[in-house]
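> Here's my sequence, what's the structure:
(one chain, ligands or ions: 1)
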Amino acid sequence: MTVKKAIIPAAGLGTRMLPATKTIPKEMLPIADRPSIQYIVEEAIAAGIEDILIITNRSKAALEDYFDYHPELEERLARAGRDADVKLVRSTADMANISFVRQKETKGLGHAVWTARHFVGNEPFAVLLGDDVITGERPVIGQLKEIADREDAPVVGVQAVSLDAIGRYCSLDVEKVADRVFSVRDLIEKPKPHEVYSPYAILGRYVLTPDIFPILENLSPGYGGEIQLTDALAKLASQRQMLAVEFEGRRFDTGSLEGYLECVIELSLRNPRCGSWLAEYLKNRAKTL
Ligand code: G1P
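Numbers count the residues shown, from 1 in each chain. A predicted model of the protein is given here:
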């Protein structure tokens, strides 16, 4: 299979980052010099994805504006001779074919993915969760795509997480089939300690096939009274081969304050605009802690 499309669910309310996210979508909070969602879009593009659908809600118009032109600003910058900045401002609108759909009710990740069915049509597609910024030598969604292309099966991106943390994610019942590749037998969302299958949890990246949509359409609400993507995946895994890839990369949960701050520090240290300055600042500051 060849994956050309990606969806980025970004319709969450951002309640873990209040009060900042009262009026600013959490995906627009800056990590060094760009909003966190841009890293996710860049990951998709680096993996050869051409069409991206961002799933938003009515309080997230700033996301649509960010990936559009801004004629007034561009004109001002051009008049001031700031041609490099004109290019920079326009680049976010031109980086890919980005479109938007709104999830009208906050009914869970599975429901958000289901709202993308018309965009997806009858093709395989990538899902990159808007909260999860992941860095790595190779784009993580590309690592999943490779296996999906080769094995012609849906693939989820997993890493081992601690027993203390796994209740915040999901847990997979897996069998190893190759280096870093597992066959998925079952999955459970937000497991209680006695329900944990393995330390492997999905961390924000999926390559799915359109047969997930009829399952989502008929799914009853699960954990938290929401339509859970994990529940639909459990059903899909009982019907066809599904794989999990233990991806190489570091994932930041930018929807939490700690994850967001770690991400800001790590990616700012790698940013040519501020990396060496920040390293120097942190070294000096650490002496006084
Ligand atoms: C979602 C998924 C969960 C996954 C997690 C991290 O949970 O439902 O299975 O492990 O993202 O990618 P949420 O963060 O929306 O609670």
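
> Now do the contacts for the residue nearest to the spatial centre of the chain.
The centroid of the chain falls nearest to residue 129 when counting by Cα atoms, centre = their mean (2.4 Å). By Cβ atoms under 8 Å, 6 or more residues apart in numbering, residue 129 lies in contact with 8, 9, 109, 204, 205. Using the backbone N, CA and C atoms, a C-beta is placed for each residue, glycine as well.

> so how many other residues sit close to the nearest residue to the second one once chain neighbours are set aside?
Nearest residue to residue 9, sequence neighbours excluded (Cβ to Cβ, 6 or more residues apart in numbering): residue 112, at 4.2 Å. For residue 112, the tally of surrounding residues (other Cβ atoms under 10 Å) stands at 28.

> Ok, residue 23 next?
Neighbour tally, residue 23, other Cβ under 10 Å: 8.

> doesn't the residue nearest to residue 9 fall inside a helix?
Yes. Residue 112 forms part of a helix when assessed by DSSP: H, G, I helix; E, B strand; the rest coil.

> That one is in contact with residue 105, isn't it?
No. Using Cβ atoms under 8 Å, residue 112 is not in contact with residue 105, being 10.1 Å away.

> Ends of stretch 208-223, what's the gap?
One end of stretch 208-223 sits 21 Å from the other (Cα to Cα, to the nearest Å).

> ok so, going back, can you give me the distance of the residue nearest to the centre of the chain to residue 233?
For residue 129, the distance to residue 233 (Cβ to Cβ, to the nearest Å) stands at 14 Å.

> Against residue 170, how distant is residue 202?
Residue 202 is 6 Å from residue 170, by Cβ to Cβ.

> joint contacts of the two?
187, 230.

> Up against the ligand, what does this protein have?
Listed as neighbours of the ligand in the chain under the rule Cβ under 6 Å from any ligand atom: 109, 129, 132, 169, 170, 189, 201, 202, 203, 204, 229, 230.

> Please identify which pair of those lies farthest apart.
132 and 189 (15.8 Å; Cβ to Cβ).

> which one of residue 202 and residue 170 has more residues nearby?
residue 170 (27 against 24).

> quick one, strands of this structure?
5-9, 30-31, 34-35, 51-56, 97-102, 125-128, 132-135, 155-160, 170-178, 181-189, 200-208, 243-246, 250-253 (DSSP state E).

> Compile these into CSV and extend it with columns for mean pLDDT.
What follows is those, written out as CSV (pLDDT from 0 to 100):
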stretch, mean pLDDT
strand 5-9, 98
strand 30-31, 96
strand 34-35, 96
strand 51-56, 97
strand 97-102, 96
strand 125-128, 98
strand 132-135, 96
strand 155-160, 98
strand 170-178, 97
strand 181-189, 97
strand 200-208, 98
strand 243-246, 98
strand 250-253, 95
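
> Excluding chain neighbours, give the residue nearest to residue 106 in space.
In space, residue 106 is closest to residue 13, 6.3 Å off (Cβ to Cβ, 6+ apart).

> I should have written residue 234 there, sorry.
Going by Cβ to Cβ, 6+ apart, residue 234 has residue 187 as its nearest residue, at 4.7 Å.

> Perfect, I'm done here.
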